[in-house]
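*Asks:* the sequence and its predicted three-dimensional model are supplied below.
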Amino acid sequence: MNESHPQRSKLDANWEGLARGAADAWMSDVDESGSEICRELLVFELEGSAYAIAVERVREIIRMREMTRLPRCPDWMLGVIALRGEVVEVVDLAKCLGLAVREPDRSRRIIVLHGDFDRVTGILVDSVSEVYRAPEESIMPAQSLDFGAVSEVCRRGEQFISILDPDIALGFPNV
């Protein structure tokens with residue numbers, strides 16, 4: 001029963017080659033096709049500045065809708081919405097970041113994020129512009145003593161995009 005199969009050996013060698021190629025590409029910032037590795041970021045705007053969150057944290061983007069305000073909630077918590085039978089809390093991201101706050105209106109968007117323990121949270125932003133594929137070499141750590149929720153900065157031509165760590169932004173609001 002312990003016979004070796006030539007087909008299985010060939011498949012194992014192919015899988016091993018693929019795994020080695022993927023590991024080498026991951027370590028060298030270049031994928032197996034020779035193109036540079038990029039991070040996908042959802043770019044949005046708050047108070048005229050560009051911010052981004054890694055797309056893997058984003059579940060969906062929805063239009064502003066009627067919210068139910070909860071009693072005795074902090075002022076950065078706008079309320080909850082029903083989204084296909086699920087209750088989603090909505091946070092005013094500008095308030096959490098210490099930016100000027102404007103009244104929610106129909107032109108604004110809610111970015112629904114995946115969180116820990118199957119929790120979802122919506123963050124209210126002014127607008128969503130695009131999914132940007134940022135080359136790794138364009139991303140650098142935030143270079144200040146206290147940038148709070150901004151963990152990295154992405155250079156895009158003459159513009160800089162602040163990359164947020166949503167766990168910090170939502171866990172420690174600056175109110």
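*Replies:* Structure received. Numbering: from 1, shown residues only.
*Asks:* quick one: the helices in this structure?
*Replies:* Applying DSSP state H to the chain gives helices spanning 6-28, 93-96, 166-171.
*Asks:* lowest mean pLDDT across the ones you listed, which one is that?
*Replies:* Per-stretch mean pLDDT for these is lowest at helix 6-28 (a mean of 51).
*Asks:* tell me where this protein has strands.
*Replies:* Secondary structure of the chain (DSSP state E): strands located at 38-46, 49-54, 58-63, 77-83, 86-92, 109-114, 120-125, 127-135, 139-141, 150-156, 159-164.
*Asks:* need the helix or strand of this structure with the lowest average pLDDT.
*Replies:* Using mean pLDDT, DSSP states H and E, the weakest-scoring helix or strand in the chain turns out to be helix 6-28, at a mean of 51.
*Asks:* quick check: the gap between the spatially closest residue to Val91 that is not a sequence neighbour and Gly79.
*Replies:* Of all residues not flanking Val91 in the chain, Ile123 sits nearest, at 5.4 Å (C-beta to C-beta, 6 or more residues apart in numbering). No exception for glycine: its C-beta is placed from N, CA and C like everyone else's. Taking C-beta to C-beta, to the nearest Å as the criterion, Ile123 is separated from Gly79 by 13 Å.
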